[in-house]
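Visitor: Generate coordinates for the sequence data below:
(chains A, B, C, D, E and F)
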There are 6 protein chains.
Amino acid sequence: MTKLIEYEDAGDEVKAIYDDIRATRQTEYINNFWKAIANHPPTLKRTWESIKEVMASPGELDPLVRELIYIAVSVTNGCDYCISSHSAAARGKGMNDAMFGELLAIIATANTTNRLANGYQIPVDEIFKT
Amino acid sequence: MTKLIEYEDAGDEVKAIYDDIRATRQTEYINNFWKAIANHPPTLKRTWESIKEVMASPGELDPLVRELIYIAVSVTNGCDYCISSHSAAARGKGMNDAMFGELLAIIATANTTNRLANGYQIPVDEIFKT
Amino acid sequence: MTKLIEYEDAGDEVKAIYDDIRATRQTEYINNFWKAIANHPPTLKRTWESIKEVMASPGELDPLVRELIYIAVSVTNGCDYCISSHSAAARGKGMNDAMFGELLAIIATANTTNRLANGYQIPVDEIFKT
Amino acid sequence: MTKLIEYEDAGDEVKAIYDDIRATRQTEYINNFWKAIANHPPTLKRTWESIKEVMASPGELDPLVRELIYIAVSVTNGCDYCISSHSAAARGKGMNDAMFGELLAIIATANTTNRLANGYQIPVDEIFKT
Amino acid sequence: MTKLIEYEDAGDEVKAIYDDIRATRQTEYINNFWKAIANHPPTLKRTWESIKEVMASPGELDPLVRELIYIAVSVTNGCDYCISSHSAAARGKGMNDAMFGELLAIIATANTTNRLANGYQIPVDEIFKT
Amino acid sequence: MTKLIEYEDAGDEVKAIYDDIRATRQTEYINNFWKAIANHPPTLKRTWESIKEVMASPGELDPLVRELIYIAVSVTNGCDYCISSHSAAARGKGMNDAMFGELLAIIATANTTNRLANGYQIPVDEIFKT
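Guide: This is a model prediction of the structure:
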C-alpha cells in the first residue's frame, strides 16, 4: 500500500499545496488522495491545480452539477475511492438522497444504451453530425 | 450492419412505441438507435420505458443536467453514437459551447484521478465511510 | 493502418498458421485479424493456438455458447472488429435474430446492474462468499 | 456505505417488489443488491422488472447460458459484487467447475483479442458487413 | 463533429499555446487534437502544460518508454485517435516494428490476466502488500 | 472465493507448471494468481506459457519496460491484484519511486486525453494514417 505523506513529514513543495487545499476548501482535513499522490510532488501539484481550476473556478456549471458529473465517471470506471470522496463532496454541496438515486439511475441507463449502441453497431444519424 | 426498422415496416408493438417517442419528444424524427433496437421489440419497449422514466419524468435533477450526466458516461465508455445523440439532446435543452467545454474538462479530470486512485491503491478515508 | 500480410507474402512460420486456420475452420478465407497480427509472428502463433484451444477444443460449453460469451465481452469493451467477426461466427453456428436480441438484452442489463453495484457500493452477501 | 433496506423497514412499493422477488425465485432470501437499490424505489422497480424479463422470461437462451453471459460482462467490467452473485446463480442452475474454467478462459481470450484488434486498428472485413 | 480551430482563426491565448507546441516539438504541424480542444481554451492550456511536463520534462523514463506507456493506456481504452497519434510519436522516437509487436503482445496479455484475476477473485498475496 | 491449489494438492500437470515457474523465476514462491487459475489446468498452462514468452523471452524491450507497460494496462483496467503483483515485479527489476511516480503520471494523463479525444470526436489526421 502506498505510504501516505502527512503534513509534518512533507517537503516545502508539498506543504504549500496542502496549505492551498486547506485554504481553498476551508477545512483542515487533507484526504488520503492528496497524501498518496504527494509521493510524486509534480503529480500532486499538477493534479491539485487541475482539480481547483476544473471544479472550483467560476463557470457555467454550478458546483453540485460538477460533482454529479464526477461521480458519473467514477461509477462507470468502478473507482471506489473516487465514488466515496466525490459522493461526500456532492452531499456537502447539497446532494440529497433523491438526487443520488436519480443520478445512479441515469448512469445505469446510459451504460445500458451505450452497450446496445455498440452491439447493434448503429450508424450515427446525419442530423447529429452537423 | 443492423437493419433499421422503419415505421411503415414495423409491427404493431413497435409502431406503438414509435408513436409514444414522437408524442413524448414532440418531433416526427425517430433516431437510428430506436430503429436498430426495434429488431428486438422487448428491448425496444423496455429501453424506451426506462429512458422515458429516467430522463423525462419529474424529479430533482433538471433535464439538461441529466443529459450532461449521460454524456459523461458515454464519453468515458467511448460510445460514439451516444456522445453524438446526447450532445444533440443537450444542445436542444440549452447546453452552450462553454458548458460543453466545462463538461469535457470535468470528465477528463475525473478519468485522471480515477486512475491515480487505482495506481496508488489509496485506502478510503474513514470520514467518507459514514 | 496496419499492413495486412497476405499468404503469398508471408514467411514460412506465418504460412503454417494460415494453413492450420484454413484446415481447422474448413474455409479458404483468412480474415483481417490474422493478417494484421501476422506482423508479429509470435503473437499470431500464440493467439491462434489460444483461440483454437479455447473456442474449438472439446469441453462443457457448446461452440455457439462460446461465441455468445465472446460477443458479450466484445460489446462491453466496444470492440467493433470483434463484434463483427464473432457475430458472423455465431450466426454460422446457429445464432438466429431472436438469440442475438436476447444476448444484447442480457449484456445491456448486466452493464446496468454492474454500475448500480458500483454506485451503491454494495457489500457482497456472506452466502456468496462460501 | 449504502444503507440496506430490510423488508420490515420498507414502504409498500418496495415490499411488493421484495414479495415478487421471493415468489419468482422461490426463496425467502433477498440479496444485498435489492436492499441497496431499494433506497430509490423507482430504480428497484425498473431494475427488477428488467432482470425478471431478461433473465427469467421464456426465450431462445436457456437460464444457465444467460448467467454465463452475465458473468462475462461482470468480469470484463470488474464488478466484484456481480461476479459473486451471478456465479452463485449460475452454480444454482448447473454450472460446474469445468464450465466455470472454460467460461473464464473465453472471457480472458476475448479481452486479449479485443485489444489486439484495437492496437492493430484492423479494418472490418467486407464479408462481415453484409 | 467538432470544429477545428486553425491558427489564423484563434484568439491570442490559443495562438500562444500553438506557438509553444511548435517550438517544443520543433515542427510547424499542429495536430487535430489541439485544434479540437482549442474550442475550450482553458482545457487546451491545462492539457498542453500537462503533456509537456509529463512527456517532455527530464526524468527517469526515456521519451520512447513514455510513448509506449501512453499507447498501452490508449489501446486498453480503445481510443483510436490516441493510438494513431502516439504510435506516430513513438515511431518518431525510435519504435520499430518488433517493438510495436512486443508492446501489443504485452498489452494483450495483461488484459487477459486482469480478467482472470477479476474472475477468480484472487486475494492479493501478503508479500505484495508490504 | 476461489480455492487456491497448493503444490502438494496439485495434479501432475499443475505440478509441472509450478516447477517451471519456480525454475524460470528462481524463487520457491508461487503467487496466488497461479494457485487460483490452477483450478482450470489448461488455463494455467496456456497463461503461464504466454506470460513466459511475452515477459521473459529475448526481445527489443527490456524486462523493466515490459513491467511498466503491464502496470499501465492494469491501472487503466482497475485490476488491484495485477497492480500489486506487477508493481512488486517492477521493483524487483529496478523500478524506483521516481519511476513509479512518472509512470502513474503518464497513465493518468493518457486517460485524460483519451476521453478528450472521445468527447470532441476528433478525426484522425491524415499524416497519422500512412
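
Visitor: what about the longest helix seen in chain A, average pLDDT?
Guide: What stands out as the longest helix in chain A, according to DSSP state H, is helix A:97-120. Across helix A:97-120, pLDDT averages out at 98.

Visitor: Same check on stretch A:25-37?
Guide: Averaged across stretch A:25-37, the pLDDT comes to 97.

Visitor: next one: stretch A:60-70
Guide: Averaging pLDDT along stretch A:60-70 gives 98.

Visitor: can it be found next to chain B?
Guide: Yes - for stretch A:60-70, a contact with chain B is found by C-beta under 8 Å from any C-beta of the partner chain, at A:Glu60, A:Leu61, A:Val65, A:Arg66, A:Leu68, A:Ile69, A:Tyr70. Placement of C-beta: from N, CA and C, glycine included.

Visitor: if we can go back for a sec, can the longest helix of chain A be said to contact chain C?
Guide: Yes - judged by C-beta under 8 Å from any C-beta, helix A:97-120 and chain C are in contact via A:103-104, A:107-109, A:111-116, A:118-120.

Visitor: CA atoms of that helix as CSV?
Guide: What follows is helix A:97-120, C-alpha atoms only, in CSV (Å, rounded to 0.1, in the frame of the first residue of the first chain):
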residue,chain,number,x,y,z
ASP,A,97,-31.0,11.0,-1.4
ALA,A,98,-33.4,11.6,-4.2
MET,A,99,-30.8,13.3,-6.3
PHE,A,100,-28.3,10.5,-5.7
GLY,A,101,-30.9,7.9,-6.7
GLU,A,102,-31.7,9.8,-9.9
LEU,A,103,-28.0,10.2,-10.6
LEU,A,104,-27.4,6.5,-10.4
ALA,A,105,-30.5,5.7,-12.4
ILE,A,106,-29.1,7.9,-15.3
ILE,A,107,-25.6,6.4,-15.0
ALA,A,108,-27.1,2.8,-15.1
THR,A,109,-29.3,3.6,-18.1
ALA,A,110,-26.6,5.3,-20.0
ASN,A,111,-24.4,2.2,-19.5
THR,A,112,-27.2,0.1,-20.9
THR,A,113,-27.8,2.1,-24.0
ASN,A,114,-24.0,2.6,-24.7
ARG,A,115,-23.8,-1.2,-25.0
LEU,A,116,-26.9,-1.5,-27.1
ALA,A,117,-25.4,1.1,-29.5
ASN,A,118,-22.1,-0.9,-29.6
GLY,A,119,-23.9,-4.3,-30.1
TYR,A,120,-26.2,-3.2,-32.8
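
Visitor: buried stuff in that helix?
Guide: Using 16 or more other C-beta atoms under 10 Å in any protein chain shown as the test for burial, helix A:97-120 gives A:99-120.

Visitor: Find the closest residue to chain D in chain A.
Guide: Closest contact between chain A and chain D, by C-beta to the nearest C-beta, is at A:Gly101 (2.8 Å).

Visitor: That residue and chain B, how far apart?
Guide: Separation of A:Gly101 from chain B (C-beta to the nearest C-beta, to the nearest Å): 9 Å.

Visitor: quick one: the helices in chain A?
Guide: Under the criterion DSSP H, chain A carries helices at the ranges A:12-25, A:32-37, A:41-56, A:63-77, A:80-92, A:97-120.

Visitor: who touches the fifth one?
Guide: Spelled out, it's helix A:80-92. The contact list for helix A:80-92 (C-beta atoms under 8 Å, 6 or more residues apart in numbering or on different chains) reads A:31-33, A:64, A:67-68, A:70-71, A:73-75, A:95, A:100, B:110, B:113-114, B:117, B:122-125, B:127-129, C:118-119, C:121.

Visitor: Drop anything exposed from those residues.
Guide: Taking 16+ other C-beta under 10 Å as the criterion, what is buried in the contacts of helix A:80-92 is A:31-33, A:64, A:67-68, A:70-71, A:73-75, A:95, A:100, B:110, B:113-114, B:117, B:122, B:124-125, B:128, C:118-119, C:121.

Visitor: Which members of the residues you listed additionally contact chain F?
Guide: By C-beta under 8 Å from any C-beta, the members of these lying near chain F are B:Thr113, B:Asn114.

Visitor: is the longest helix of chain A anywhere near chain E?
Guide: No - residues of helix A:97-120 contacting chain E under C-beta under 8 Å from any C-beta: none, with a closest distance of 10.4 Å.

Visitor: what's the pLDDT at A:Asp12?
Guide: pLDDT, A:Asp12: 98.

Visitor: Burial check on it, number of neighbours?
Guide: Counted with other C-beta atoms under 10 Å in any protein chain shown, residues neighbouring A:Asp12 total 7.

Visitor: Can you give me the separation between it and chain C?
Guide: Going from A:Asp12 to chain C by C-beta to the nearest C-beta gives 37 Å.

Visitor: now do A:Ile71
Guide: A:Ile71 sits 8 Å away from chain C, going by C-beta to the nearest C-beta.

Visitor: who's in contact with that residue?
Guide: Applying C-beta under 8 Å, 6+ apart, we find A:Ile71 in contact with A:Ile83, A:His86, A:Ser87, A:Ala90, A:Leu103, A:Ile107, C:Gly119.

Visitor: is it true that the last one touches A:Thr76?
Guide: No - counting by C-beta atoms under 8 Å, C:Gly119 does not reach A:Thr76; the two are 9.2 Å apart.

Visitor: shared neighbours, those two?
Guide: Shared contacts of C:Gly119 and A:Thr76 (C-beta under 8 Å, 6+ apart): A:Ile107.

Visitor: Could I get the contacting residues of the residue lying closest to A:Asn77 once chain neighbours are set aside?
Guide: Spatial nearest neighbour of A:Asn77, excluding adjacent residues (C-beta to C-beta, 6 or more residues apart in numbering or on different chains): B:Asn114 at 4.6 Å. The contact partners of B:Asn114, by C-beta under 8 Å, 6+ apart, come to A:Val73, A:Ser74, A:Asn77, A:Cys79, A:Cys82, F:Gly78, F:Asn111.

Visitor: near chain F, which residues of chain A show up?
Guide: A:Asn39, A:His40, A:Pro42, A:Thr43, A:Arg46, A:Thr47, A:Asn77, A:Gly78, A:Cys79.

Visitor: show me the contacts for the fourth one.
Guide: For A:Thr43, the contacting residues are A:Ile37, B:Leu116, F:Gly101, F:Leu104, F:Ala105, F:Ala108, by C-beta under 8 Å, 6+ apart.
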